[in-house]
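S.K.: Here is my input; please provide its structure:
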Amino acid sequence: MGWRPLQAMAAHGLCSAMAVLAMAAAPTAMGQEQAQSTQRFQTLRPLPGQLDQTPVFNDNNPESIKASGILLSTFAPVGRAHPEAHLDQRFVGNFTVFSHHVYARPAHGATTAWLALLAGNAADQPVTITVQQAATALSQPDAPFLPLPSFLEENLAAADEDHGDTVANSFRAPLSTAAAARLDQAPLRRGLGGRGAIYAGPGSRVAGALVRGDSTPGLPASWRLPPHSTQTLLLLPIPTSYLDPPVNGRTTQLRLHSSGPVSLAMVAALQDGPPRLSTLLGLLDGPLSPKGHQPTPPGHAGGIVYSQVSGVQRGARWLARLTDPGSDALSVGSVPVGWPVSALVGGTMATGQVQTAPLVAFYPGTAWAAHGNYGVEYHLTLPLLNDTPEPVTLQLALESPQEREPPGGVVSLAAASPNAPVRFRGPVAVQGLDGSPGERVFHLVQRRGQPGPLLGAITLAPGEDRTVVVRLVYPADATPPQVLSLLSAHTLAPDPHAGDPRRIDVDALIAPLLEGS
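M.R.: Residues are numbered from 1 along each chain as shown. Reported below is the predicted structural model:
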């Protein structure tokens, strides 16, 4: 499950162990035809706005944990046996913790990788850390990479209470112990029954929780750190028992507030049972767990290997108003138009804009910037204005074009192919579409070059204005960049069978996951 430069992904180096796990979960009976590329001409603009200044404890390297040790530490190096393992950074006020790891149990290895988030208070006064939002999910059983359709809308049952019982949300007998280790079926059936969250993979589930304002049940609401103390905030397992292959992953994202400066560390303990605090403190005084592949240096000519992040980034939220230059509105005359989301070096969609969050501290041999912006929230407002004498209908889509640096004004797309790699797997929230004044949440499983899918339409009478808001948390294991496209009517053909999860036969969907249990 270690990283290797797959030919189709070598240029960006964002192929991950979790992505390989997702590919392994995909259906095997797929057509072999090659999709024909098509080109759409539209204006591509840099995304307005910028990242905020929120510090982020970004723990993603090594993605695949091979040994016990420090994954990331911002403790002071003074007096430590391995000072090079500590980045000497403090967090105070609002900050974010992001963590994304895989554990593949070797033969005769420990059944579980334990992730311990430690916090240290070096001051003479107590410090309180308060949770604003907190979400964590395992690949199995919390959020397996099930082959969902490309477009599903959440909570449709709330708008259609007379739909009745469905295949998705009807009662099923409890699973066996082995099957339960692979799938927590109750929340999955609720979501696909139109009454809850929809997800595929832990990155998708965690991003969705943050978009909806939810937190994972059972996590603490706060911690109090006495003066000159180090405590365990969270101890999270990545178990592999009953899994074949014995591979699992976990994504965690916390939005926190600290009343005083604290140091943070994530350490990994590979052992069957939970480690004691003394074991964790011993690991904190030990060496780094081996890191992943080396990145190419900044400015390198040719192919780029980004590597994964292990450091402190600056920026957790991108707030923007998408208007015409010199105007407070976005005219329908600007259509077709698009803006890159999560643009990065080597993937600016010909805008020259790099949205990647900078790192204020990181380990040598790991990513030198937060390429991909995993966990960053995008809050995008489109103040639309129909300044024409005719009614106008527009289409809104989030897309993953084939080319990452296309010729100016060209977006390369292709007919949907089950063989194309998934580039985006997660939720998108939209307010202001036709048919509903409120916010709607859609789950996308989007393949490279796939047109759309159509999120919805916006119909404006002459002189009418309407504000459309798009929100997403960039999910772990997505491959940037995407493009938010505002298009003319009939550019994208809506799929009359897409959108409603209640049409899915959940028993057939999960059957391959439960084989042999």
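S.K.: Isn't residue 52 up against residue 357?
M.R.: No - in this structure, residue 52 is not within contact of residue 357 by CB atoms under 8 Å, at 9.8 Å. In short, each C-beta sits where N, CA and C put it, glycine included.
S.K.: Need the residues touching each of the two.
M.R.: The contact sets of residue 52 and residue 357 overlap at 315-316 (CB atoms under 8 Å, 6 or more residues apart in numbering).
S.K.: more crowded one of these two?
M.R.: Counted by other CB atoms under 10 Å, residue 52 and residue 357 do not tie: residue 357 has more neighbours, with 24 against 15.
S.K.: For that one, which residues are in contact?
M.R.: When contacts are counted by CB under 8 Å, 6+ apart, residue 357 touches 51, 56, 313-316, 369-370, 373, 376.
S.K.: hmm, 7 Å instead?
M.R.: Contact analysis of residue 357 by CB atoms under 7 Å, 6 or more residues apart in numbering lists 51, 313-315, 370, 373, 376.
S.K.: Now do whichever helix in the chain runs longest: which elements does it pack against?
M.R.: Longest helix in the chain, counting residues (DSSP state H): helix 202-212. Applying 3 or more CB pairs under 7 Å, 6 or more residues apart in numbering; DSSP states H and E, one finds that helix 202-212 makes contact with strand 127-138, strand 247-270, strand 422-431, strand 465-473.
S.K.: how about the ones you listed in TSV, adding mean neighbour count, mean pLDDT and distance to residue 495?
M.R.: TSV is the format used below for the helices and strands packed on helix 202-212 (neighbours: other CB atoms under 10 Å; pLDDT from 0 to 100; distance: least, CB to CB, whole Å):
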stretch	mean neighbour count	mean pLDDT	distance to residue 495
strand 127-138	19	99	28
strand 247-270	23	99	29
strand 422-431	24	97	16
strand 465-473	20	99	20
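S.K.: would you list those strands in CSV and tack on distance to residue 403?
M.R.: Formatted as CSV, those follow (distance: least, CB to CB, whole Å):
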stretch, distance to residue 403
strand 127-138, 32
strand 247-270, 29
strand 422-431, 12
strand 465-473, 22
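S.K.: Just the residues contacting stretch 507-517, thanks.
M.R.: Contacting residues not belonging to stretch 507-517 are listed as 144, 146, 167, 176, 178-179, 182-183 [CB under 7 Å, 6+ apart].
S.K.: now, which of these sits nearest residue 339?
M.R.: Closest approach to residue 339 among the contacts of stretch 507-517 (CB to CB): residue 146, at 30.5 Å.
S.K.: Nearest spatial neighbour of the closest one, chain-adjacent residues omitted?
M.R.: Distance criterion CB to CB, 6 or more residues apart in numbering; nearest residue to residue 146, sequence neighbours excluded, is residue 200 at 5.2 Å.
S.K.: For the residue lying farthest from the centre of the chain, give me its contacts.
M.R.: Relative to the centre of the chain, the most outlying C-alpha is that of residue 389, 41.7 Å out, by CA atoms, centre = their mean. Applying CB under 7 Å, 6+ apart, we find residue 389 in contact with residue 462.
S.K.: Check what pLDDT it gets.
M.R.: On the pLDDT scale, residue 389 is placed at 98.
S.K.: now residue 436
M.R.: So residue 436 comes in at 85 (pLDDT).
S.K.: quick one, phi psi at it?
M.R.: Torsion angles at residue 436 (phi, psi; degrees, to the nearest 10) stand at phi -160, psi 130.
S.K.: which among the contacts of stretch 507-517 end up buried?
M.R.: The neighbour-count test (16 or more other CB atoms under 10 Å) applied to the contacts of stretch 507-517 identifies 144, 146, 167, 179, 182-183 as buried.
S.K.: quick one: which two of the residues you listed are the most distant?
M.R.: Greatest spatial distance in those: 167 and 182, 19.9 Å, computed using CB to CB.
S.K.: for the stretch 151-300 of the chain, what spans make up the helices?
M.R.: 177-182, 185-192, 202-212, 277-284 (DSSP state H, counting those that start in this stretch).
S.K.: Quick check: which of these is buried the most?
M.R.: Highest mean neighbour count of these: helix 202-212, a mean of 26 (counted as mean count of other CB atoms under 10 Å).
S.K.: for residue 298, what are its contacts?
M.R.: By CB under 7 Å, 6+ apart, the neighbours of residue 298 are residue 368.
S.K.: so where's the stretch 51-200 of the chain uncertain?
M.R.: The stretch 51-200 of the chain contains residues with pLDDT under 70 at 158-173.
S.K.: Would you pull up how far stretch 501-512 lies from the middle of the chain?
M.R.: A distance of 24 Å separates the centroid of the chain from that of stretch 501-512, by CA atoms, centre = their mean, to the nearest Å.
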